[in-house]
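**Q** make a model of this:
(2 chains)
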There are 2 protein chains.
Amino acid sequence: MKLEIDGKLTDRPAVWWDSTNAIVRMIDQTKIPFQVEVHNCPTYRETAQAIKKMIIRGAPSIGAAAAYGLAQAVREFWNSDEFESQIKTAYNELLEARPTAVDLQNGLDFICTTEPLEPENALNRAQLFANRIAEEGQKIGQIGKELINTNMNILTHCHTGALALVDHGSALSPIIQAWQDGKRFHVYVDETRPRVQGRMTAWELCQYGINHTVICDSASGFFISQGKVDLIILGADRVTRNGDIANKIGTYNLAVLASRHKIPFYTAFPTSTFDYSTLTGKDIVIEHRDTIEVKQVSGCSQTLNRNHIVSLYTDEVKFSNPAFDVTPSDLITGYITPNGILNKSQLEKTLFNRHSHITKGTK
Amino acid sequence: MKLEIDGKLTDRPAVWWDSTNAIVRMIDQTKIPFQVEVHNCPTYRETAQAIKKMIIRGAPSIGAAAAYGLAQAVREFWNSDEFESQIKTAYNELLEARPTAVDLQNGLDFICTTEPLEPENALNRAQLFANRIAEEGQKIGQIGKELINTNMNILTHCHTGALALVDHGSALSPIIQAWQDGKRFHVYVDETRPRVQGRMTAWELCQYGINHTVICDSASGFFISQGKVDLIILGADRVTRNGDIANKIGTYNLAVLASRHKIPFYTAFPTSTFDYSTLTGKDIVIEHRDTIEVKQVSGCSQTLNRNHIVSLYTDEVKFSNPAFDVTPSDLITGYITPNGILNKSQLEKTLFNRHSHITKGTK
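**A** Predicted structure coming up:
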């Protein structure tokens, strides 16, 4: 994606290996959209911390960052006598940085299966993993754009653009490609509390000049009930074998509303998001994040002219902050994947085969 | 309600007539929960502005403020040759301050029907109107608390406490009275973007020591789908004759979720919220408020130690801000009113009779 970094327009993915300095670098997503800054991770520990603190976010980008992180550990411990146990420690530290996105585990496993597991190989594999995700984002766009027609109103939730998927995006990819094909439509963008990822979506849509309206998460029902939403497309953080998905909190609310109003409800994701080892959504562990994310919000202060955090509540108030919810497959119209727009019964067969491909590293 | 104003614990309603200074005074709800401040309205114009700017909010409190405002106009123009046209202007200015809450029109009409329409009478009628709402809040609590049992999880939306209903509250009234009876339960509080009225609800629940958890609006589906919500109670800004309700944006989303999961869904409101002149929810004009409410949020800055506004979005982003949505009666389990917990078919008969009562001023 094109980003203005230090005043220069640069083509960068969400995360990359800087071979000159031998570090992992990533766009700091906690600063978007107000500043575009590059965050440096000299070792796998900083990479794990960056995942945990959501400096990098979006399931596929997390997966790529984790793959790079494990490759960093291989470099760091290559000459150590305790190489194996140190790699295991690094693997676990990276894995535990975020629990919901299966991409993370898929990224780590992709590095573990490198043969032989040595620094250059591991790094090449991490780059391969990241590049494939980006290519899949491009393909998801090509395939999914067929669902979009001129004059449509599309609703999306959270951020599923280039930064979330190494490059190109998952749910935003069809929207951007349809627009680039000359179709003219309008996108409702859920603000997506608590972390307001809707501002990243709006920022990305603005870059392409795509018509959009940001709404509060709870306003979706109003627009849907008024007949003003024709299509819902969003991403996924984990897709189980039966087609249930874990995705950003609020996805289930939208799926239930879509079902009542018979609005097509699609999820778009790359192969790395498919969790072939989990049978149904009931088996997914939902991440509960620090409740300070609900209590406080970060925005740009006009008077201070910089990012500033304000507390929305008094100190005695209690909170809960589930970051994801599970949407059962019976509420999902279709799955936009690099292998086509699949229905529930096609999903397992198609993605299971593709996944074995990826973990074996044979293209 | 008991409030600490200027360091002194004082018993105050949401809005009142200060006879010493001959002005309308109200608790500034834009400052709650961080500061408790009294806002002064020397003439009906300031009262209308206070309604418009949500210094006073909550449909019944708005109605009481409007009644006081029109009584102020009667005082101001009593000796004028153009009394009638000036009252008409004041009526319209007050009426247009907020479009959704029918309480506003009911409050104004209650003053208009004063006979004879002279300053002292009008003021007494405004006080009568406000006092009755507060009494009804007390009664709603008494009646509604029967729905609440120990160990229940209750979900509520927006703020429906004492400040919203002159005193005692609508949907919060049963919750508070059940707690005061010794029942022990837990309340999920929707944060209620854009204006985060959930912080007022949380603040009020804290005053009674009621177990609560504030959640993001889009997290309701997660808790409901996990079987963690037994009962939903919320208020109403307008109830039409067929039982449809307009209420804070997000109410419809909750009603649809409750319906799918067969969770009892109740709305609680005083007589002044019943709109006997509107047949169905389709006829309700929904207020779209300034989109800056979505773009920005106001909270307490720890570093500045005062209220501060931050912008969540970059300047080129577009927004929409419907303040209410309509929930059809088939999604509503029951109506908690001062006349009992009614079903849809009982609603019109019971409240229509009661309403005629009120507008005639005969108790």
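**Q** now do the most centrally placed residue in chain A against B:Glu287, distance only.
**A** Of all residues in chain A, the one closest to the mean position by CA atoms, centre = their mean is A:Gly58, 2.0 Å from it. Taken as CB to CB, to the nearest Å, the spacing of A:Gly58 relative to B:Glu287 amounts to 36 Å. Bear in mind the C-beta positions are built from the backbone N, C-alpha and C, glycine included.
**Q** likewise A:Asn92?
**A** Spatial separation of A:Asn92 from B:Glu287 under the definition CB to CB is 53 Å.
**Q** give me the more crowded residue out of these two.
**A** Applying other CB atoms under 10 Å in any protein chain shown to A:Asn92 and B:Glu287 shows that B:Glu287 carries more neighbours, namely 16 against 12.
**Q** who's in contact with the more buried one?
**A** B:98-100, B:322-324 (CB atoms under 8 Å, 6 or more residues apart in numbering or on different chains).
**Q** at 7 Å what do you get?
**A** For B:Glu287, the contacting residues are B:98-100, B:323-324, by CB atoms under 7 Å, 6 or more residues apart in numbering or on different chains.
**Q** could I get those residues as CSV with neighbour count, distance to B:Pro33 and pLDDT?
**A** Rendered in CSV, the data for these read as follows (neighbours: other CB atoms under 10 Å in any protein chain shown; distance: CB to CB, whole Å; pLDDT from 0 to 100):
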residue, neighbour count, distance to B:Pro33, pLDDT
B:Arg98, 22, 22, 92
B:Pro99, 19, 27, 85
B:Thr100, 22, 24, 86
B:Ala323, 23, 21, 97
B:Phe324, 29, 23, 97
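**Q** in strands, which of the residues you listed fall?
**A** Filtering the contacts of B:Glu287 for membership in strands, criterion DSSP state E, returns B:Phe324.
**Q** tell me the one of the contacts of B:Glu287 nearest chain A?
**A** B:Phe324 (8.0 Å; CB to the nearest CB).
**Q** that closest one contacts B:Ile245, correct?
**A** No. With contact defined as CB atoms under 7 Å, B:Phe324 does not reach B:Ile245; the gap is 9.4 Å.
**Q** how far does the lengthiest helix in chain A sit from the chain's center?
**A** Longest helix in chain A by number of residues (criterion: DSSP state H): helix A:119-144. In terms of CA atoms, centre = their mean, to the nearest Å, the centre of helix A:119-144 is set 14 Å apart from its chain centre.
**Q** hey, where'd the strands end up in the stretch 201-350 of chain A?
**A** Counting by DSSP state E, counting those that start in this stretch, one finds strands in the stretch 201-350 of chain A at the ranges A:212-215, A:231-234, A:238-240, A:245-248, A:265-268, A:274-275, A:296-301, A:306-311, A:324-327, A:334-337, A:340-342.
**Q** how about those in TSV, adding distance to chain B?
**A** Output for these, formatted as TSV (distance: least, CB to the nearest CB, whole Å):
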stretch	distance to chain B
strand A:212-215	5
strand A:231-234	12
strand A:238-240	15
strand A:245-248	8
strand A:265-268	14
strand A:274-275	19
strand A:296-301	3
strand A:306-311	3
strand A:324-327	4
strand A:334-337	20
strand A:340-342	24
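**Q** for B:Tyr188, which of those strands is the nearest?
**A** Closest of the strands of the stretch 201-350 of chain A to B:Tyr188 is strand A:324-327, at 14.4 Å (criterion: CB to CB).
**Q** that closest one pairs with which strands?
**A** strand A:245-248 (antiparallel) (DSSP bridges).
**Q** A:Thr138 contacts A:Gly169, doesn't it?
**A** If you look again at residue A:138, you'll see it is Gln, not Thr. No. The pair A:Gln138 / A:Gly169 is not scored as a contact, 9.2 Å apart, by CB under 7 Å.
**Q** who has more neighbours, those two?
**A** Each of A:Gln138 and A:Gly169 had its neighbours counted (other CB under 10 Å), and the higher figure belongs to A:Gly169 (31 against 16).
**Q** contact partners for that one?
**A** Taking CB under 7 Å, 6+ apart as the definition of contact, the neighbours of A:Gly169 are A:137, A:160-162, A:176.
**Q** so of those, which ones are in strands?
**A** Under the assignment DSSP E, the contacts of A:Gly169 contribute nothing to strands.
**Q** so which of those is the most crowded?
**A** Highest neighbour count within those, by other CB under 10 Å: A:Thr160, with 34 neighbours.
**Q** who's in contact with that one?
**A** A:169-172, A:234-235, A:268.
**Q** same check on A:Leu108?
**A** Contacts for A:Leu108 (CB under 7 Å, 6+ apart) come out as A:66-67, A:70, A:91, A:94-95.
**Q** hmm, try it at 10 Å
**A** With contacts taken as CB atoms under 10 Å, 6 or more residues apart in numbering or on different chains, A:Leu108 has the following neighbours: A:63, A:66-67, A:69-70, A:90-92, A:94-95, A:129.
**Q** state the pair within those that is farthest apart.
**A** Across the contacts of A:Leu108, the longest distance by CB to CB is 18.9 Å; it joins A:Asn92 and A:Phe129.
**Q** re earlier: can you lay out the contacts of B:Glu287 as a markdown table showing distance to A:Arg195?
**A** Output for the contacts of B:Glu287, formatted as a markdown table (distance: CB to CB, whole Å):
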| residue | distance to A:Arg195 |
| --- | --- |
| B:Arg98 | 31 |
| B:Pro99 | 33 |
| B:Thr100 | 30 |
| B:Ala323 | 24 |
| B:Phe324 | 26 |
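**Q** from the contacts of B:Glu287, pick the one nearest B:Asn124.
**A** Distance from B:Asn124 was checked for each of the contacts of B:Glu287 by CB to CB. The minimum falls on B:Arg98, at 24.8 Å.
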